[in-house]
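[1] Need a 3D model of the sequence below.
(one chain, ligands or ions: 1)
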Amino acid sequence: MSNSYKLLVLPGDGIGPEVMNEVVKIAKGIEEIGGVQFNIEKDDIGGAAYDRYGTPLSEETLEKAKNSHAILLGAVGGEKWDNLDFSLKPEQGLLRIRKELDLFANLRPALCFKSMVESSSLKAELVSGLDIMIVRELTGGIYFGEPRGIQEQGDGSRVGINTQSYNTEEIRRVARIAFELASKRDNRVTSCEKSNVMESGILWREEVTHVHKNEFQSVQLSHMYADNCAMQLVRNPKQFDVIVTDNLFGDILSDEAAMLTGSLGMLPSASLGAVDSKNFRKSLYEPVHGSAPDISGKGIANPIASILSFAMCLKYSFNMDKESDLLNKSVNDVLSSGFKTADLMGDNNKNLSTVEMGDQILNQLRNNFKL
Ligand code: NAD
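    Okay, here's the model as predicted:
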């Protein structure tokens, strides 16, 4: 694999540009220590793209995305664009880029840094050292299934319909990603569905079992009903390594698991697609949070979710595990020293701006590399 990568940076709206500036700064730091070159190109998405191109995702930007090794996205949305036609709203840019690149696996880690244990709603001993990876199927299931809609019944009543539907390949490809991830972690996958009451759940369980039996027997597989998983996540979250589940259950379980670890400003994500002819997996990395219009322009946004998303990019797109681990450690070290952004502030902490937090993490990264 070459050590020169094309990175498309799409800062988006609100605090997106503020946090993405810090990511670019960290990427330059990784270039120094990792012996790589990132050819960074910036473009617009969301409301910023509507203002510039008249559409939340232009064809040119989409083409650049298809030709990049990875995409780093900030956030989209804001009041300014709230009254646009639905198809022109900022969020449509995000949905379209995911769909066009067929990013079918959404990875959301729930990682509890020691320095953040007190921010969790659970007892410290339940979350200290927590490290779960939720793999959510992102392009199929009930959010896309047909038929769908609201039907008038002719008697004044209406019926709302959505269809949960999965085929063999949709399940197998996301299961493979979960098994591959587990094999680089604690080697355990829990597959969640509702096979007790749903045929699509029976198929899900059978297909995940098939992939396991034929391709990943060395990984430990267990099955769990999704409602039980929701309960187990708050009862004993450390029992899990990788959880793989469908779009609907994954939407809910990943939010639940992520919030075990504290603030929205800390949560990264990755969306992965298929491997292309040049052996590169399509991938997009973004923080879980939105454009936070209430704090936009104040210089106080927490850039850590975006920086941790870049750490995921180093690991999953570029196989730079060492640099990714160093970056994660640097974030933890800075937080442990009591440096926090406004959203994380507690007693005896030192309040940093967005730029200062980026600088601290970069300095710590350089120091950790020298150790
Ligand atoms: P939000 O995530 O933007 O903000 C929720 C709260 O968390 C706000 O109080 C905000 O100040 C705070 N917050 C979020 N990120 C933070 C950070 N990095 N540092 C410090 N504080 C942070 O969610 P919202 O307010 O519901 O939505 C605002 C806009 O963002 C809407 O237009 C919405 O559609 C959009 N949105 C976009 C995405 C995305 O781009 N993926 C996701 C969610 C919401």
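[2] Please identify the residues of this protein in proximity to the ligand?
    Proximity of the chain to the ligand, by CB under 6 Å from any ligand atom, involves residues 15, 19, 75-78, 91, 94, 264-265, 286, 289-295, 301-302, 305, 343. C-betas here are computed from N, CA, C, even on glycine.
[3] one more time with 5 Å, if that's ok
    Proximity of the chain to the ligand, by CB under 5 Å from any ligand atom, involves residues 75-77, 264-265, 289-292, 294-295, 301-302, 343.
[4] Just put these in JSON lines and tack on neighbour count and secondary structure.
    Converted to JSON lines, these look like this (neighbours: other CB atoms under 10 Å; DSSP: H, G, I helix; E, B strand; the rest coil):
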{"residue": "75", "neighbour count": "31", "secondary structure": "strand"}
{"residue": "76", "neighbour count": "31", "secondary structure": "coil"}
{"residue": "77", "neighbour count": "23", "secondary structure": "coil"}
{"residue": "264", "neighbour count": "15", "secondary structure": "helix"}
{"residue": "265", "neighbour count": "24", "secondary structure": "helix"}
{"residue": "289", "neighbour count": "23", "secondary structure": "coil"}
{"residue": "290", "neighbour count": "19", "secondary structure": "coil"}
{"residue": "291", "neighbour count": "25", "secondary structure": "coil"}
{"residue": "292", "neighbour count": "24", "secondary structure": "coil"}
{"residue": "294", "neighbour count": "8", "secondary structure": "coil"}
{"residue": "295", "neighbour count": "19", "secondary structure": "coil"}
{"residue": "301", "neighbour count": "31", "secondary structure": "coil"}
{"residue": "302", "neighbour count": "27", "secondary structure": "coil"}
{"residue": "343", "neighbour count": "18", "secondary structure": "helix"}
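[5] Out of those residues, which is nearest to residue 144?
    Ranked by distance to residue 144 (CB to CB), those are led by residue 76 at 20.3 Å.
[6] which residues touch the closest one?
    Residues in contact with residue 76 (CB atoms under 8 Å, 6 or more residues apart in numbering) are 12-13, 16, 45-47, 56, 90-91, 93-94, 290-291.
[7] same thing but at 10 Å, please
    10-14, 16, 44-50, 56-57, 89-95, 286, 290-291 (CB atoms under 10 Å, 6 or more residues apart in numbering).
[8] so of those, which ones are in helices?
    16, 47, 48, 49, 50, 90, 91, 92, 93, 94, 95 (DSSP state H).
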